[in-house]
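Undergrad: here is my input, please return the structure:
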Amino acid sequence: MGGEDCDALRLDYAQTTDQLRGITDVRFKLLAIVPTIAGAAVAFLSRGRPAAELLAVGLLGLAATLGIVVYEVRNTQLYDYALRRAKELEARLGAPSIRGGDAPGGVFTERPGRDVRVFGLALAGHERGLALVYGAALAGWSYLVAWGALRALDVGSAQKIGGIIGIVAGLLALFELLRIEPGS
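TA: Numbers count the residues shown, from 1 in each chain. Below you'll find the model as predicted:
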């Protein structure tokens, strides 16, 4: 491989790994902010707020979180693409393997497999963690929206029913996000 070709591959690899770092950075920031805001809103509004306030804040939070989930699903696709590209570039650059032998190596090529199970049940993976976090946040917002709507309609036990609706919505979101998991 010529010097210019190798330089182009190195530049491509640097840009690809920068994209991976950028997506990871955004992901961590969102994972810190989204559940914190959802949890704080649920805690603050659970102290007997008016139905209109529950609905307004709940709908705003629900819409914003759904937007972030859509954004995150797309970022996961971009991350998986960049990861595949980084592995291919490592092979083309001839990155050595720390395992020895003739097989290509590199940080991305030799990433550990997904063989760790949390509580002996679920395989550990980024997308599963994201699904849990966003499912919980969506459950909280759905709870506030359902509680506010039921309270506005003077339904008895509005808060308890809203809680059940929130749990169901969170579980539906969790299962949907797990269903569409690209599985990098």
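
Undergrad: packing partners for the host helix or strand of residue 150?
TA: Following DSSP states H and E, one finds residue 150 within helix 126-152. When contacts are defined as 3 or more C-beta pairs under 8 Å, 6 or more residues apart in numbering; DSSP states H and E, helix 126-152 sits against helix 3-45, helix 51-93, helix 158-179. All C-beta spots, glycine's among them, are computed from the backbone N, C-alpha and C.

Undergrad: give me every residue that touches the closest residue to residue 61 other than its chain neighbours.
TA: Closest residue to residue 61 apart from its sequence neighbours, by C-beta to C-beta, 6 or more residues apart in numbering: residue 141 at 4.3 Å. The contact partners of residue 141, by C-beta atoms under 8 Å, 6 or more residues apart in numbering, come to 38, 41, 58, 61-62, 65, 166.

Undergrad: at 6 Å what do you get?
TA: 58, 61-62, 65 (C-beta atoms under 6 Å, 6 or more residues apart in numbering).

Undergrad: need the per-residue pLDDT for the residue nearest the centre of the chain.
TA: Closest to where the C-alpha atoms of the chain average out (C-alpha atoms, centre = their mean) is residue 130, at 3.2 Å. Residue 130 is assigned a pLDDT of 91 by the prediction.

Undergrad: save the helices and strands packed on helix 126-152 as JSON lines, and put in mean pLDDT too.
TA: Putting the helices and strands packed on helix 126-152 into JSON lines (pLDDT from 0 to 100) gives the following:
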{"stretch": "helix 3-45", "mean pLDDT": "93"}
{"stretch": "helix 51-93", "mean pLDDT": "95"}
{"stretch": "helix 158-179", "mean pLDDT": "96"}
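
Undergrad: export those helices to CSV and append columns for distance to residue 120 and mean neighbour count.
TA: Shown next, in CSV, are these (distance: least, C-beta to C-beta, whole Å; neighbours: other C-beta atoms under 10 Å):
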stretch, distance to residue 120, mean neighbour count
helix 3-45, 24, 14
helix 51-93, 26, 17
helix 158-179, 18, 17
